[in-house]
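A.B. asks: Structural data only, the sequence is not supplied:
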Ligand SMILES: [Ca+2]
Ligand SMILES: [Ca+2]
Ligand SMILES: [Ca+2]
Ligand SMILES: [Ca+2]
Ligand SMILES: [Ca+2]
Ligand SMILES: [Ca+2]
Ligand SMILES: [Ca+2]
Ligand SMILES: [Ca+2]
Ligand SMILES: [Ca+2]
Ligand SMILES: [Ca+2]
Ligand SMILES: [Ca+2]
Ligand SMILES: [Ca+2]
C-alpha cells in the first residue's frame, strides 16, 4: 500500500519520510486551517514526541510571522488540524518536525509545497534543523515514491557521504541547517 | 441480531460496513445536530482511531463548506453528536471515515442519505478515500442486509477483481477516489 | 434489599430493569433539573456504556424538543443530574437507555412517570429501541417488585414468545419500537 | 486517636459513622462556604462513591432550596468545600450521604447541627434515606464517642431489632425515611 | 544536604518538619502570591494528601479572612504558588498542613514568619490542629537545624511526655489546638 | 551527536548541563514568547520534576518583575514556550531550574544570554540556588562543548574542592547562591 508522489503542488500538504521496522515509508502530512479559537488538533495516531514536534513547529512559525506577513492575530482566530494518514498506523519521533512546520506555513500563507520534494529533520523553536536517524531506509522510500529532491539535515551530511552511491543515485539531496533554507526549497 | 437496510432515506443516517472477528457487520451511523457551542460528541464505544476519523471528517466538511452553502459559523454555533449502535460493542479503525463524514454532511445540509447504499473507506483531511481491509466479509454483510450499492475505495479495486464472482453478485459496486464522488452517490 | 414499586407516580423517576450475576433487579432512575449551564452529571457508579447511553437519551430529547414544547434554550440554561441508587453498586450496559430518557423527559416537562411500570431497552439518537439481554431475570425482578406493566423492545418479541408462560403471567408486556411509543405508555 | 462528641453545636459540622476493618469510627464532616463560582471541592481522600454521594446531596439541596429560603443563585455564586479529617485516611462508600447533606445545608442556612447527634444513611436525589451496613460497629463507635442520639435508616430497623440490647443501651435511636426527617432532628 | 534555620524572618516562608525513612528532616515551604485568577499551584512533588492539605489551608484562611483584614476578593484576583524544595524529593502526608497555611497567610498579609520556629500538625477546615506521627525524628531534625521553638499538636502532648528528656532538651515546645494559636506564635 | 557552544549570544537561549547514564551532556534551552493568554507550554519530553522546576522559575520571575521593569500584565498577555531539544530524549530532574529561568527572563526582557557560559542548579520560589548532583560528568561535558564559564551552586563548592584539578582546568567556575547572581553573570 504505497503512496506515490502527488502530481501537482498543493497548499497545506508536505511529504515526510518515516523509518519503520519494515523499512522506510513516506508520510503525506495534511494541514487544514479553519476559523476558530487558536486550537491545534493532531490526528493520525501521533505519539507524544511527534505532538510536541508539531507544537515546536507552530511556535517557530509564530516567532517568524512578520517575515511571512502573517497577521499577528491570525493563529489565535483560526484552528489548525494536522492529520497524517494512514489513520490506524501509530507514528512517533521528532523527524517529521520540519515537514509539519512546512505544511503548516503553506496552509497559513496559502502557497503550495512542491509535490516532487520530501524532507526529514527535527525542528527547534529557533528553526534550527537537527539530525535524524534511519536515513538510508528513508531515502530508498523516497526513490520508490518517485520523489526527486530530498531535504536532509546538514548534520547528517557525514551519513550521506558514507552511503553507497546507488542509494542516493537519482535523488537531488540538499542539506539544510534551518527552516529558512527548508522553506526556500520547499515552497513552490 | 442483524440490521436490515432501512426502508426510506433519512437525514443524518448513513450505513457503514465493519469487519469483526466473527465476520462482517453493518453499522448504522446516526448524527444529530443541535444548537450549541461547536462541540463534537462521539458515543457507541468508539476507539481512538475511529474518533480521530470523525474529526478528520468534520475538518474536511469545514474545508468545503462553501461548496455546500454551509454558513461558515454554522458548526461553531451547533453541537454535533455522532452515535453508532449497538452501544455496548466496542468499535475502532479508520474505515468508517467516509460514512461518518457523509452522515455529518447529510445532517448539516438536511439532505437524506440513500437507504439502499453502504460504504467503507478511510477519509483524509483533503477528502481523499484511502483503502481499507476486510472487504470480503464487509460485502457479504452488505448483501445479507439487502444493501443494493456499495462504495469501495478505488485503491481496493484489485481486491474486488480477485474476488469470487459469487460474493459481489447482486451488489452494485462503485469505486471512489474522493469524498466528492462519495457524496455524489450517497446523498439522495 | 429489594425495592418495591412506588405508591404514586412521580416526576423525574422511572423504573428500569437490570441483569446481575445473582439475578435480575430493578433500578429506580432519578433525575433532577436545576438552573445551570447545560451540564450533565451522572452518578451511581455508572460505567462508560451507560454514560454514553444517557448522552444518547439527551440528544434524542433535544432533537424532538419542539414536539414536547420544550424551550430550545431550556437544556442550555439548566443542569441535569441523573442518579441511580444504590450508590455503591457498579452499573453498566445500554439497556437502561430508554428508562433514563423517560426520566429525563419527565423531569423536563414536569409530567409524572407511571409508578406501576418498568422498562428495558437500548436507545439510539433517532429514538429507535434496540433489543437487550437478560430478559427472563429482568421480568422476574419486575414481578417480585410488584410492577404491573413492562415495556420490552419489539425485537425481543421472539424471546418473550419462547418463554415459559409462568414467568410472564401477571405482567402486562408491551412491545415498543421507538421512544414515542415508550413515552406514550410511560408518562402518566 | 479517638474523636469525642463536640461540646457545642456548630454550623457546617455534622457527625457521621464509619465502618472500618478494625471496627467503627466517627467522622466529623466539615463544610465551608465561600464566595466563588459554584465549585465543589471534596478533600480527605474520599473515594468515587463518596464523592458521588456528596454530589447527590448538593442536588437534593438545590431541589428543595425554596423550602429553606435559599436564594436560587446562592450555590452558583459560592464555592463549597467538604473536608473529612483525618486527611491521610482513605474513605469511601455511600453511607455518609445524609451526613454530608446535613453539614452542607447547615453551612448554607447558617443553622448549627446538634453536637450530641450522629447519623448514617445513603441519600438519593429525592432525599430518600437508603439502608447501610456495619451498623453494630457504627453504634459502638457512637457510644464510645459519647454521642446521645443516632439517626438510622428506617430500612435498617430489622437490624436494630435483632441486635443485643447492650449495644444500643444508652443511645437514642431514631429511624428516618427521608432527608426532611433527618434535618428536623439534626438541625439544632 | 541539610538545611539550617534561616537567619532572618521572611514573608511567605515557614518551616515544617517531615518524617522520612532515613530520619526526620525540615521542609522550607515557600509561598508566592501573584496577580491572577485565583489559581493554586502546588509544586515540589507533593502527593495527593499533601495537596488536599494545602486546599484545606486555603479554605480555612478564606473562612477567617475578615479577622485578618483580607479583602474578600483578594484570593480570587491572585494566584498562589506553594513550592517545597527539594524539587525531586516526593513528599506526602497531612502533617505540613498548619505550616502551609501559615506560609500562605504570611504571604497574603505580608507579615514575616519567625525563622527560628518550626511546626507540625494536620489542619482542618475549621482550623483545628490534629495530631501527627514521627514526632521523635522530627524534633531531632529541628534541633539539628538549630530551630529554637517547635509547635506541636495538643493531642500529641502524651507523646512528648513519654519522650526521653534529651530529645527535647534545648527546644521550646508549644502545644497548639487551633490555627489561631499557631499564627499567634509563628507570625513575627 | 554533540552540541558545541554557540558562536554568538542569543535572546531566549541558555545552556544547561545534564547528567545521563552514559555521561554528561549539554542542553540548549530555548524559550519563545508570543502574544497569548498566559499559558506555559513545555516540550522536549520533560518529566514532572522538570516541569515543576519551570513553573518555579516563572513564579520567581513574576515575583521580581518590577526589578527588571517587566509590565505586571506582560506574562498574562503572552504565552511562553520552553523547548529542550533533542525532542525524543526524555529529560527530568530539578537541576535545569536556574537555566530555564535565565532563558525565560532573557526572552522576556530581550537581553541575550552569554553563549560561552553554562550553568546547573535547582531554583526555589525565592530564587535561592540549591545544590545538584552529577557535577563531574557535567563539567566534562561543558569542557567538551567548549564552554568557558560554568555557574555552580555555592552549596556544591565542597564537591568542586574535592575534584581532580584536571577536570576543572580551563573552566572558569563561579559559585552562585541565588538567581540575582546567576543573572548578573549570564545576561550578556
Ligand atoms: Ca504506507
Ligand atoms: Ca546549508
Ligand atoms: Ca449487529
Ligand atoms: Ca472513481
Ligand atoms: Ca437492589
Ligand atoms: Ca409496537
Ligand atoms: Ca479516627
Ligand atoms: Ca420515620
Ligand atoms: Ca533535605
Ligand atoms: Ca494550647
Ligand atoms: Ca546530545
Ligand atoms: Ca556567591
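C.D. replies: Structure received. Since the structure is predicted, the reported quantities are computational estimates derived from the model, not experimental observations. Ligands and ions are numbered 1, 2, ... in the order given.
A.B. asks: Wondering if stretch A:125-136 reaches chain F at all.
C.D. replies: Yes: using Cβ under 8 Å from any Cβ of the partner chain, we find that stretch A:125-136 touches chain F at A:125-126, A:128, A:130-131. To be clear about C-beta, it is placed using only N, CA and C from the backbone, and glycine gets the same treatment.
A.B. asks: can you redo these as TSV with distance to ligand 8?
C.D. replies: Compiled in TSV, the residues of stretch A:125-136 next to chain F are given as follows (distance: Cβ to the ion, whole Å):
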residue	distance to ligand 8
A:125	68
A:126	74
A:128	76
A:130	74
A:131	78
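A.B. asks: got TSV for those residues, with pLDDT, distance to residue C:56 and neighbour count too?
C.D. replies: Conversion of the residues of stretch A:125-136 next to chain F to TSV gives the following (pLDDT from 0 to 100; distance: Cβ to Cβ, whole Å; neighbours: other Cβ atoms under 10 Å in any protein chain shown):
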residue	pLDDT	distance to residue C:56	neighbour count
A:125	96	44	27
A:126	94	49	22
A:128	96	50	21
A:130	96	48	22
A:131	96	51	19
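A.B. asks: between those, which is nearest chain F?
C.D. replies: Ranked by distance to chain F (Cβ to the nearest Cβ), those are led by residue A:125 at 4.0 Å.
A.B. asks: Report the secondary structure state of the closest one.
C.D. replies: When states are read from DSSP: H, G, I helix; E, B strand; the rest coil, the local structure at residue A:125 comes out as coil.
A.B. asks: Show me the beta-bridge partners of the closest residue to it other than its chain neighbours.
C.D. replies: Closest residue to residue A:125 in three dimensions, ignoring its sequence neighbours and counting by Cβ to Cβ, 6 or more residues apart in numbering or on different chains: residue F:30, at 4.0 Å. Beta-bridge pairing of residue F:30, defined through DSSP bridges, involves residue F:13, residue F:83.
A.B. asks: Would you mind confirming that residue F:30 makes contact with residue A:123?
C.D. replies: No: between residue F:30 and residue A:123 there is no contact, the gap being 10.8 Å when judged by Cβ atoms under 8 Å.
A.B. asks: which one of those two has more residues nearby?
C.D. replies: Each of residue F:30 and residue A:123 had its neighbours counted (other Cβ atoms under 10 Å in any protein chain shown), and the higher figure belongs to residue A:123 (30 against 25).
A.B. asks: got a pLDDT number for the closest residue in space to that one that isn't next to it in sequence?
C.D. replies: With sequence-adjacent residues excluded and distances taken as Cβ to Cβ, 6+ apart, residue A:123 is closest to residue A:97, at 3.5 Å. Here the pLDDT value assigned to residue A:97 is 98.
A.B. asks: ditto for residue A:1
C.D. replies: Note on residue A:1: pLDDT of 58.
A.B. asks: Determine the set of other helices and strands touching the top helix by length along chain A.
C.D. replies: The helix that spans the most residues within chain A, counting by DSSP state H, is helix A:48-63. In terms of contact count using 3 or more Cβ pairs under 8 Å, 6 or more residues apart in numbering or on different chains; DSSP states H and E, helix A:48-63 is assigned the packing partners strand A:40-43, helix A:97-109, strand A:122-123, strand F:23-35, strand F:40-43, strand F:78-83.
A.B. asks: before we move on, back to that, could you measure the residue nearest to residue A:123 against residue B:124, distance?
C.D. replies: Using Cβ to Cβ, to the nearest Å, we find residue A:97 at a distance of 21 Å from residue B:124.
A.B. asks: what's the answer for residue A:98, then?
C.D. replies: As defined by Cβ to Cβ, residue A:98 lies at a distance of 21 Å from residue B:124.
A.B. asks: coming back round to it: who touches the residue nearest to residue A:123 in this structure?
C.D. replies: A:53-54, A:56-57, A:121-123, F:87 (Cβ atoms under 8 Å, 6 or more residues apart in numbering or on different chains).
A.B. asks: Check residue A:108 too.
C.D. replies: Under the criterion of Cβ under 8 Å, 6+ apart, the contact partners of residue A:108 comprise A:33, A:61, A:68, A:70, A:74-75.
A.B. asks: Mind doing that once more with 6 Å?
C.D. replies: Residue A:108 makes contact with residue A:70, according to Cβ atoms under 6 Å, 6 or more residues apart in numbering or on different chains.
A.B. asks: and if you look at residue A:54?
C.D. replies: Applying Cβ under 6 Å, 6+ apart, we find residue A:54 in contact with A:42, A:82, A:100.
A.B. asks: before we move on, the earlier item: quick check: neighbours shared by residue F:30 and residue A:123?
C.D. replies: The contact sets of residue F:30 and residue A:123 do not overlap (Cβ under 6 Å, 6+ apart).
A.B. asks: where in chain A is pLDDT low?
C.D. replies: Counting by pLDDT under 70, chain A contains low-confidence ranges at A:1-2.
A.B. asks: which parts of it sit against chain B?
C.D. replies: Where chain A comes near chain B, counting by Cβ under 6 Å from any Cβ of the partner chain, the residues are A:30, A:32, A:34, A:43, A:81, A:83, A:85, A:87-88.
A.B. asks: Going by distance to residue D:184, which of the residues you listed wins?
C.D. replies: Each of the residues of chain A next to chain B was checked against residue D:184 using Cβ to Cβ; the closest is residue A:43, at 57.0 Å.
A.B. asks: What about the closest residue to the closest one other than its chain neighbours, how many residues nearby?
C.D. replies: Spatially, and ignoring its direct neighbours in sequence, residue A:43 is nearest to residue B:52 (3.8 Å; Cβ to Cβ, 6+ apart). Residue B:52 sits with 22 neighbouring residues when counted by other Cβ under 10 Å.
A.B. asks: Please report the distance of residue B:52 from residue F:100.
C.D. replies: When distances are taken as Cβ to Cβ, residue B:52 and residue F:100 turn out to be 33 Å apart.
A.B. asks: same question, residue A:142
C.D. replies: Distance, residue A:142 to residue F:100, by Cβ to Cβ: 38 Å.
A.B. asks: Which one of the helices and strands packed on helix A:48-63 lies nearest to residue C:6?
C.D. replies: Set against residue C:6 and scored by Cβ to Cβ, these come closest in strand A:40-43, at 47.6 Å.
A.B. asks: List the neighbouring strands of the closest one plus their orientation.
C.D. replies: Strand A:40-43 has these partner strands in its sheet, going by DSSP bridges: strand A:78-83 (parallel).
A.B. asks: Run through who's touching the partner strand.
C.D. replies: The contact list for strand A:78-83 (Cβ under 6 Å, 6+ apart) reads A:30-36, A:39-44, A:54, B:56, B:59, B:125.
A.B. asks: Show me which positions of stretch A:154-161 end up buried.
C.D. replies: When burial is assessed from 16 or more other Cβ atoms under 10 Å in any protein chain shown, stretch A:154-161 yields the following buried residues: A:154-156, A:159-160.
A.B. asks: Format those as TSV; extra columns: distance to ligand 8 and secondary structure.
C.D. replies: Written out in TSV, the entries for the buried residues of stretch A:154-161 read as follows (distance: Cβ to the ion, whole Å; DSSP: H, G, I helix; E, B strand; the rest coil):
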residue	distance to ligand 8	secondary structure
A:154	83	helix
A:155	81	helix
A:156	81	helix
A:159	83	helix
A:160	86	helix
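A.B. asks: From those, pick the one nearest ligand 10.
C.D. replies: Sorting the buried residues of stretch A:154-161 by how near they are to ligand 10, with Cβ to the ion, puts residue A:155 at the top with 67.9 Å.
A.B. asks: So the closest one is in contact with residue A:131, correct?
C.D. replies: Yes: counting by Cβ atoms under 6 Å, residue A:155 does reach residue A:131; the two are 3.9 Å apart.
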